[in-house]
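> just coords:
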Ligand SMILES: NC(=O)c1ccc[n+]([C@@H]2O[C@H](COP(=O)([O-])OP(=O)(O)OC[C@H]3O[C@@H](n4cnc5c(N)ncnc54)[C@H](OP(=O)(O)O)[C@@H]3O)[C@@H](O)[C@H]2O)c1
């Protein structure tokens, strides 16, 4: 168990080139210097990924973004010094990697638009679109397309995301590593071997930030109901959430042990926890995740029809 947590903490930390051996560092540089990356869609997720990549040492001149909105492209060019293009085909021409950062409902049209080019160039396609399966992408782009499907979450916007990745059989070992290094620029990355687990990932970490926000909202409201001023309840809630997450990440012990340690028999925490348990808190969370996973499967059927 301790080993698992050690590996988890190591993967939470970004791998910086300085941590690698000289040979690995040279290889890392060579790969980065020769990898051209095009984002299709320059919205929220693209902005956070580009920000993370540049902070990680990616050369902005190797990054291109295409978007329908010229104003947004101008902002991105000024902020990051990257290349921009309103034309998806032109933006993706010559790219080693094309990252689809567009809404799920338009992935099919964009994938079909770029299919011939991507097949000819043998580009790696990374999709961050929720619910779009690799089989659907292969069907739209080409049977031999190398595809990494990933599911980041909103804390990626503050470089604290959690991203699960799945690679199809056409993805090479080098493409696998590059895809991981791109997503690791905005937080933790974890590979799944079975694509069907992406629905569970979507239910847990994809939608997860909202669950914690919901709990924070409830804590804050309950604190106010007990007489705390709103701002005081807010600050205490936020710092408590941050502190608990930090303790859980830094500890080698699981959440249940940490909880038991701060729950003295006959104390105040025990009384609150008993109240949660009397109302089947675990069961409620489990039902919520099952509902989210079922919705993820429904969306995949809806947007991924081939
Ligand atoms: N945000 C998250 O937390 C999160 C988490 C996990 C996964 N994702 C996935 O990430 C993807 C992007 O999400 P987002 O929040 O970054 O969306 P977003 O902010 O709406 O960004 C998408 C951008 O793509 C542009 N666009 C639309 N059609 C286009 C086209 N044909 N060619 C090029 N660009 C086009 C959009 O322009 P218009 O605004 O003019 O349409 C918009 O600027 C989604 O598939 C989502 O499922 C997001």
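All right, it came through fine. The structure displayed is predicted, hence computed values, not measured ones. Numbers count the residues shown, from 1 in each chain.

> quick one, strands of the protein?
Under the criterion DSSP state E, the chain contains strands at 37-40, 63-66, 83-85, 97-100, 124-127, 146-151, 161-167, 187-191.

> Mind checking those for the one nearest to residue 272?
Relative to residue 272, the nearest member of those by Cβ to Cβ is strand 161-167, separated by 27.2 Å. Where C-beta positions appear, they are placed from N, C-alpha and C, glycine not excepted.

> Let me see the residues that make contact with that closest one.
Here strand 161-167 makes contact (Cβ atoms under 8 Å, 6 or more residues apart in numbering) with 48, 134, 146-156, 175-176, 179-180, 183-184, 186-195, 197-198, 201, 205, 208.

> okay if I get the strands of the chain as TSV plus mean pLDDT and distance to residue 237?
As requested, the strands of the chain are exported to TSV (pLDDT from 0 to 100; distance: least, Cβ to Cβ, whole Å):
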stretch	mean pLDDT	distance to residue 237
strand 37-40	98	35
strand 63-66	97	36
strand 83-85	97	40
strand 97-100	98	35
strand 124-127	98	35
strand 146-151	97	27
strand 161-167	97	21
strand 187-191	96	22
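
> can you redo these as a markdown table with distance to the ligand and mean neighbour count?
Below are the strands of the chain laid out as a markdown table (distance: least, Cβ to the nearest ligand atom, whole Å; neighbours: other Cβ atoms under 10 Å):
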| stretch | distance to the ligand | mean neighbour count |
| --- | --- | --- |
| strand 37-40 | 5 | 27 |
| strand 63-66 | 5 | 25 |
| strand 83-85 | 10 | 18 |
| strand 97-100 | 7 | 26 |
| strand 124-127 | 8 | 27 |
| strand 146-151 | 6 | 26 |
| strand 161-167 | 8 | 24 |
| strand 187-191 | 12 | 19 |
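
> Is it possible to get TSV of these that adds distance to residue 286?
Below are those laid out as TSV (distance: least, Cβ to Cβ, whole Å):
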stretch	distance to residue 286
strand 37-40	36
strand 63-66	40
strand 83-85	45
strand 97-100	32
strand 124-127	29
strand 146-151	20
strand 161-167	19
strand 187-191	21
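
> Nearest to residue 276, out of those?
Of all those, strand 161-167 comes closest under Cβ to Cβ, at 24.2 Å.

> Can you check what angle separates that closest one from strand 146-151?
150 degrees (axes from the mean of the first three to the mean of the last three Cα atoms, to 10 degrees).

> Off-centre distance for strand 161-167?
6 Å (Cα atoms, centre = their mean, to the nearest Å).

> who does it pair up with?
Applying DSSP bridges, strand 161-167 is found paired with strand 146-151 (antiparallel), strand 187-191 (parallel).

> Nearest to residue 262, out of these?
Nearest to residue 262, of the strands paired with strand 161-167 and by Cβ to Cβ, is strand 187-191 at 24.9 Å.

> neighbouring contacts of the closest one?
11-12, 152, 155-156, 159-167, 180, 183.

> 10 Å instead?
The contact list for strand 187-191, computed with Cβ atoms under 10 Å, 6 or more residues apart in numbering, reads 8-9, 11-14, 48, 52, 148, 150-153, 155-167, 176, 179-183, 201, 205, 249.
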